[in-house]
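S.K.: Only the shape, not the letters, is given here:
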């Protein structure tokens with residue numbers, strides 16, 4: 001009985017403070033149509049961006065259709081560097097960094113977001129005795145980093161479009 005009451009009190013407390021899991025909130029974009037250009041149209045980042053914008057109510061169109069705005073993915077760079085070592089001088093932790101350069105222009109070619117780098121970083125513990133597990137953890141972190149970048153880009157584009165439209 002006490003445990004049930006405690007669980008209910010915690011649930012009520014968490015929900016009343018406005019807590020939401022990341023990415024679970026609804027988000028309505030100021031954009032109506034968007035074209036995404038990238039070097040690798042079938043890459044993970046491009047596909048995730050299309051999905052992210054579509055989920056926020058934006059119609060993502062191809063190059064043959066005119067769009068209100070054009071988002072260019074200029075570069076995607078992934079790097080890994082050692083952060084700390086063990087007493088035997090083997091790597092204990094790595095820093096993973098994913099950086100994407102983006103540009104947003106309107107249909108007239110006016111820059112809304114000049115060339116800007118969007119960056120996310122993670123640190124993970126490397127285990128020499130379990131290389132398969134470490135590689136799987138690195139792949140999982142990379143996927144989380146891409147999701148984080150997509151969320152950052154969608155929100156940055158939306159905020160920039162709102163600001164650009166308000167200044168006109």
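M.R.: Alright, I've got the coordinates. Bear in mind that the values here come from a model prediction, so they are computed numbers and not experimental data.
S.K.: and the one residue sitting closest to the centre of the chain, helix, strand or coil?
M.R.: Residue closest to the average C-alpha location in the chain (CA atoms, centre = their mean): residue 149, at 2.0 Å. Classification of residue 149 using DSSP: H, G, I helix; E, B strand; the rest coil returns helix.
S.K.: Surely it touches residue 97?
M.R.: No: counting by CB atoms under 8 Å, residue 149 does not reach residue 97; the two are 11.1 Å apart. Where C-beta positions appear, they are placed from N, C-alpha and C, glycine not excepted.
S.K.: where do the contact lists of these two overlap?
M.R.: residue 120 (CB atoms under 8 Å, 6 or more residues apart in numbering).
S.K.: quick revisit: for the residue nearest to the centre of the chain, which residues are in contact?
M.R.: Residue 149 neighbours (CB under 8 Å, 6+ apart): 45, 98, 100, 118, 120.
S.K.: what about residue 111, neighbour count?
M.R.: 12 (other CB atoms under 10 Å).
S.K.: which residue sits closest to it in space, ignoring its chain neighbours?
M.R.: Excluding the flanking residues, the one nearest residue 111 by CB to CB, 6 or more residues apart in numbering is residue 105, at 5.5 Å.
S.K.: hey, where'd the strands end up in this protein?
M.R.: 33-38, 59-61, 69-85, 91-106, 111-125 (DSSP state E).
S.K.: for these, which one sits closest to residue 2?
M.R.: strand 111-125 (37.9 Å; CB to CB).
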